[in-house]
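**Q** here's a sequence, model it:
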Amino acid sequence: MTLTEDTLRFIREHSDDDVRTLALRARNYPSVDVPAAITQIAGRRSAREKVPSWAQTDGILYPAHLSLEQCSSEATARYKADIIARHSAPHHTLTDLTGGFGIDCAFLSTCFRQATYVEQQEVLCEIARHNFPLLGLSHITVCHDDAVRHLQSMSPVDWIFIDPARRDGHGGKTVAISDCEPDISVLENLLLEKAHRVLIKLSPMLDLTLALNDLKHVREVHILSLGNECKELLLVAGRGEPLPPDEIPVHCINLIPAAAPQSLIFTRAEEKAAACPCTDTLKFYLYEPNASILKAGAFRSTAHIYKVEKLHPNSHLYTSDTYLPHFPGRKFVIAGSCSFNKKEVKEILGAEKKANLTVRNFPSTVAELRKRLKLAEGGNTYLFATTLADERKVLIRCCHPAVPELTI
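**A** Numbers count the residues shown, from 1 in each chain. Model prediction:
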């Protein structure tokens, strides 16, 4: 991809302008490739939030919106690099078979002496060839090729990274391994012939049990959330005797901007064996596990590790009289609770016109309940509609703890 000096100047001069307005005025700039300029302007804006270190680097080229939307964030790419760094050597060679915009390849490559970026879209290869040297990543070789064809002919390496496409031919999202392109379950043995270890990125919507049934050499699982939104299901596959699925460690990670990550590690065997007391009595604090734990189904493990009581086997909310600052999720002070008797609801809500509403194991949706309670979204009040261990339906009013030392 080559941009003329006029186009580059246009990008610099209009970096903060509204791109829709620029598109409408394209005829006013006959010497400028306005569509290409708009792609770069919009791409850099997205990168400021998604890949901030790249956005601060002059000269970086950005792809079309879809490629940028589908790529990893800097935070999740750094986490994947940490996975590799925690494993024992060798860390000499890496091949990324699905390069895309190159975010993952760039951050993973910092663990290796040599790296190969493979991508079937030529325009993305051109962008990668331009960007990697600007980022000080001259040890990455860019290869325009199909992932499977390259895998079949490549020399063995220490690690392979692969992120199969999760959209079908009609643009719909896919969540099964067999529906992804390429199909990792078919390639698993070949991948492990070509690499000691393979890091696989899959849809966060994919059922973990199905994934571990389809892939026989998974050594560890990482369910990765960013700001309590589940983003990636990461599997590390390796050579050697396969682990029973129930003994594979599952890492539930929630990355939080400007704070330490929340982490819980368990196996499904431990989950089955863990004690999980339930209660119909609300204590002083309410705890809601983060998205990675909910995705993993580590409900009994959460109760066992943090010594909290579950409100109901299916409610996935916990309570305790002890403040747990390191609990991996949201933490609230319980201000009160009531049944759904109109008088009780009115008393607990008082003059509230808006609140943050969550439904757990409750027969109504958030929209239905919000309409019934006549509450707008927002404010500093947090409401949980749920079911207790004795099957009572309750509305719990909460607020965030102001300080860790907060007591009754």
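**Q** mind listing residues that contact the longest helix belonging to the chain?
**A** For the chain, the longest helix by residue count, based on DSSP state H, is helix 34-50. Helix 34-50 has contacts (C-beta atoms under 8 Å, 6 or more residues apart in numbering) with 1, 3, 7, 10-11, 14-15, 17, 19, 22-23, 26, 54-55, 60-65, 68-69, 71, 73-74. C-beta: built from backbone N, CA, C; applies to glycine.
**Q** what do you get for stretch 252-272?
**A** By C-beta under 8 Å, 6+ apart, the list of residues contacting stretch 252-272 from outside reads 75-76, 79, 222-228, 245-251, 290-293, 295-302, 305, 326, 328-329.
**Q** what about it, average pLDDT?
**A** For stretch 252-272, mean pLDDT rounds to 96.
**Q** distance check, Pro325 against Lys331.
**A** Counting by C-beta to C-beta, to the nearest Å, the gap from Pro325 to Lys331 is 8 Å.
**Q** please identify which of these two sits among more neighbours.
**A** Set Pro325 next to Lys331 and count neighbours by other C-beta atoms under 10 Å: Lys331 wins out with 18 against 9.
**Q** so where's the chain uncertain?
**A** Within the chain, the stretches with pLDDT under 70 are 1, 167-175, 401-408.
**Q** cutoff 50 now
**A** Under the criterion pLDDT under 50, the flagged ranges of the chain are 402-408.
**Q** any idea which residue sits dead centre in it?
**A** Lys231 (1.7 Å; C-alpha atoms, centre = their mean).
**Q** in its sheet, what does whichever strand or helix holds that one sit against?
**A** Assigned by DSSP states H and E, Lys231 falls within strand 229-238. When pairing is defined by DSSP bridges, strand 229-238 lines up against strand 195-202 (antiparallel), strand 218-226 (antiparallel).
**Q** so what's the gap between that strand and the chain middle?
**A** Its chain's C-alpha centre and that of strand 229-238 lie 9 Å apart, by C-alpha atoms, centre = their mean, to the nearest Å.
**Q** what do you get for stretch 255-268?
**A** The mean C-alpha position of stretch 255-268 is separated from the chain mean by 12 Å, C-alpha atoms, centre = their mean.
**Q** that one: which residues count as buried?
**A** Leu255, Pro261, Gln262, Leu264, Ile265, Phe266, Thr267, Arg268 (16 or more other C-beta atoms under 10 Å).
**Q** same question, stretch 10-20
**A** Phe10, Ile11, His14.
**Q** out of the residues you listed, which is nearest to Leu192?
**A** Ile11 (44.3 Å; C-beta to C-beta).
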